[in-house]
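Student: The following comprises the amino acid sequence and a computationally predicted model.
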Amino acid sequence: MFNNELFQHFHLRELGLFKSYYDIALHLSLDGIQLTKLHTFDTTPVILCNLNLLPEERYKSENILMSLIILGLKKYQNLNSFLQLLVDKLLQLEYSV
């Protein structure tokens, strides 16, 4: 599953996470970008990578999940308001198994 001993020790033993075969670790990455020269419109892609995959597989384009895109005339003020939608959807997936 994970190849780092410190990560395994902390997450598996101390926190008790990832005990089930079906548990998935996701790496969330986001960074705002300007799509126009006017700099009046921000776009922030929110990308998820599955850390359960082998390192040589997890960052291939077919394994990267574009979960949502935050658009706006100004930079978002409350990131949690956007990410809550993603968290809610992931919780739905967890409880649907």
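Tutor: Right, received. Where do you want to start?
Student: buried stuff in whichever helix in the chain runs longest?
Tutor: Longest helix in the chain by number of residues, with DSSP state H as the criterion: helix 79-95. For helix 79-95, a neighbour-count test (16 or more other C-beta atoms under 10 Å) marks 82-83 as buried. Using the backbone N, CA and C atoms, a C-beta is placed for each residue, glycine as well.
Student: tell me the centre residue of this structure?
Tutor: L28 (2.5 Å; C-alpha atoms, centre = their mean).
Student: Quick one: residues contacting that one.
Tutor: 46-48, 67 (C-beta atoms under 8 Å, 6 or more residues apart in numbering).
Student: distance of it from K37?
Tutor: 29 Å (C-beta to C-beta, to the nearest Å).
Student: where does the chain dip in pLDDT?
Tutor: 1-4, 6-7, 74-76, 97 (pLDDT under 70).
Student: ok, which stretches of it are strands?
Tutor: 26-30, 33-34, 42-50, 64-72 (DSSP state E).
Student: Does anything pack onto the second one? Which helices or strands?
Tutor: Contacts defined by 3 or more C-beta pairs under 8 Å, 6 or more residues apart in numbering; DSSP states H and E place strand 33-34 against strand 42-50.
Student: ok, and what's touching the longest helix of the chain?
Tutor: Counting by C-beta under 8 Å, 6+ apart, 26, 46, 67-68, 70, 76 sit against helix 79-95.
Student: List only buried entries from the residues you listed.
Tutor: 46, 67-68, 70.
Student: mind putting these in JSON lines, distance to S61 included?
Tutor: As requested, the buried ones among the contacts of helix 79-95 are arranged in JSON lines below (distance: C-beta to C-beta, whole Å):
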{"residue": "V46", "distance to S61": "16"}
{"residue": "S67", "distance to S61": "15"}
{"residue": "L68", "distance to S61": "18"}
{"residue": "I70", "distance to S61": "21"}
